[in-house]
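In: Sequence and predicted model, in that order:
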Amino acid sequence: MASISVLHWHRFLGLAAAMTLAFAGAAGAQPSSGTPASGPAAMAPAMPGAAPIDRAKILSATGVFGDFSVYKLRGEYAMLPAADRKAAAAEVLAVIDRHKDKVTVDAYLTRGFDANSDYFLRVHAYDLAAAQGFLTDFRATRFGAYSEVTENLVGVTKGLNYISKDKAPALNTALFATTYTDPAPRYAIMIPVKKSAEWWNMPEQERMKAIVGHTETSLKYLVNVKRKLYHATGLSDADFITYFEVNDLEAFNNLSIALMEIPENKYQPRWGSPIVLGTIQTVESVVNTLSMTDRGM
Ligand code: HEM
């Protein structure tokens, strides 16, 4: 776990296998061009045999871009002929397959949890333009074309700023001594956070003190929560995109309340807006569920 410790990366690998099958399908589909395409006609020709991105590696590396896009499916989609909706998942999987050497794609169903969305995607790429290339091709699919984007945030993974081995050795050890013990997470939660100018102008020791408080408060929830932090200042209208996977939503509610009660919270003008909660699913399952066809896993 040493290499992932630098990432605010929160014991996540067990989930990887569950989510990879979204990329495994669509045999014979074409790989991507490096250039964002504006639709199927603009897509690059096949480059057979392009190797998929190493998922465990991209999920544990620094300098990786995370692109979170949240979607609401237009009502008109349900009016499409059943055959078109039935073909939707295969079309989306083929696009994922074409881009599999440059991006990884995770999908979450939010319908029933959030008035403004039905699903969201988390795309990882070493090159942000590659994420754009995928998302542009995705929007050119039938399913993507009927999806309205209700939020889109971009962040990058970095090493620890505060609770590093050097600056806070005891807490750093504690951070990685606790492992997730709940059943496999079924839910993912994305929360954008913005900190105030006052925060950024505080001396580093004061910010350090606040983050030590944040860590001490939240450590005991590591048994319930897997987490990942993306830095977004200057890239999106937030300073951080926080991403969590949980099975126990009540524990996450308690953790959130605990973090509301500490001094750090005085410096967070944005916490959520939106909070996006979804079930962790394969892309195929999300598309099929929203297309009202048989759920293929
Ligand atoms: C198991 C629960 C959690 C633990 C153990 C935890 C731990 C930490 C640690 C150690 C850091 C410092 C990273 C560094 O040194 O750069 C951090 C940063 C951060 N955490 Fe958490 N956290 C937890 C839950 C949460 C929750 C629920 C939120 C709410 C959105 C959150 C938001 C953040 C943010 C925004 C930062 C960046 C702060 C900054 O750099 O100013 N964390 N967390």
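Out: Alright, I've got the coordinates.
In: And residue 283, how close does it get to the ligand?
Out: 25 Å (Cβ to the nearest ligand atom, to the nearest Å). Any C-beta I mention is one placed from the backbone N, CA and C, and that applies to glycine too.
In: go on, residue 179?
Out: From residue 179 to the ligand the distance is 11 Å (Cβ to the nearest ligand atom).
In: same deal with residue 79?
Out: Look at residue 79 and the ligand: by Cβ to the nearest ligand atom, they are 38 Å apart.
In: Make 37 the starting number, not 1.
Out: Will do, 37 is the new start, and the previous item becomes residue 115.
In: where are the low-confidence patches of the stretch 137-286 of the chain?
Out: Along the stretch 137-286 of the chain, no part satisfies pLDDT under 70.
In: Near the ligand, which residues of it? Just list them.
Out: Listed as neighbours of the ligand in the stretch 137-286 of the chain under the rule Cβ under 6 Å from any ligand atom: 196-199, 211, 227, 229, 231, 247, 250-251, 254-255, 257-258, 261, 263, 265, 276, 278.
In: Using ChimeraX, define a selection of the buried residues within the residues you listed.
Out: To isolate the buried members of those in ChimeraX, using 16 or more other Cβ atoms under 10 Å:
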select :196,198,199,211,227,229,231,247,250,251,254,257,258,261,263,265,276,278
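In: Looking at the residues of the stretch 137-286 of the chain next to the ligand, which are in helices?
Out: Residues of those located in helices (DSSP state H): 211, 247, 250-251, 254.
In: Residue 294: what's its closest spatial neighbour, skipping adjacent residues?
Out: residue 253 (5.0 Å; Cβ to Cβ, 6 or more residues apart in numbering).
In: wouldn't that neighbour be in contact with residue 296 here?
Out: No: with contact defined as Cβ atoms under 8 Å, residue 253 does not count as touching residue 296 (10.1 Å).
In: higher neighbour count, the two?
Out: residue 253 (15 against 11; other Cβ atoms under 10 Å).
In: quick one: contacts for that one?
Out: Residues near residue 253 by Cβ atoms under 8 Å, 6 or more residues apart in numbering: 294-295, 298.
In: For the stretch 87-236 of the chain, which segments count as strands?
Out: Taking DSSP state E, counting those that start in this stretch as the criterion, the stretch 87-236 of the chain carries its strands at 101-109, 139-145, 155-161, 183-192, 223-230.
In: And these: which comes nearest residue 126?
Out: strand 139-145 (14.8 Å; Cβ to Cβ).
In: Not counting its own residues, what contacts the closest one?
Out: With contact meaning Cβ under 8 Å, 6+ apart, strand 139-145 is reached by 55, 58-59, 89, 91, 94-95, 132, 135, 154-161, 166-167, 169-170, 224, 312, 314-319, 321-323, 325-326.
In: If you rank the contacts of residue 253 by neighbours, which is first?
Out: Neighbour max across the contacts of residue 253 (other Cβ under 10 Å) = residue 295, 17 neighbours.
In: now the lengthiest strand in the chain against strand 155-161, angle please.
Out: The longest strand of the chain (DSSP state E) is strand 261-272. When axes from the mean of the first three to the mean of the last three Cα atoms, to 10 degrees is applied, the directions of strand 261-272 and strand 155-161 differ by 80 degrees.
In: separation between the spatially closest residue to residue 317 that is not a sequence neighbour and residue 235?
Out: Leaving aside its sequence neighbours, residue 317 sits nearest to residue 145 (Cβ to Cβ, 6+ apart; 5.3 Å). Look at residue 145 and residue 235: by Cβ to Cβ, to the nearest Å, they are 34 Å apart.
In: more crowded one of those two?
Out: residue 145 (20 against 17).
In: quick one: the helix or strand encompassing residue 241 to strand 261-272, angle?
Out: Assessed by DSSP states H and E, residue 241 sits inside helix 240-254. Helix 240-254 runs at 150 degrees relative to strand 261-272, counting by the same axes, to 10 degrees.
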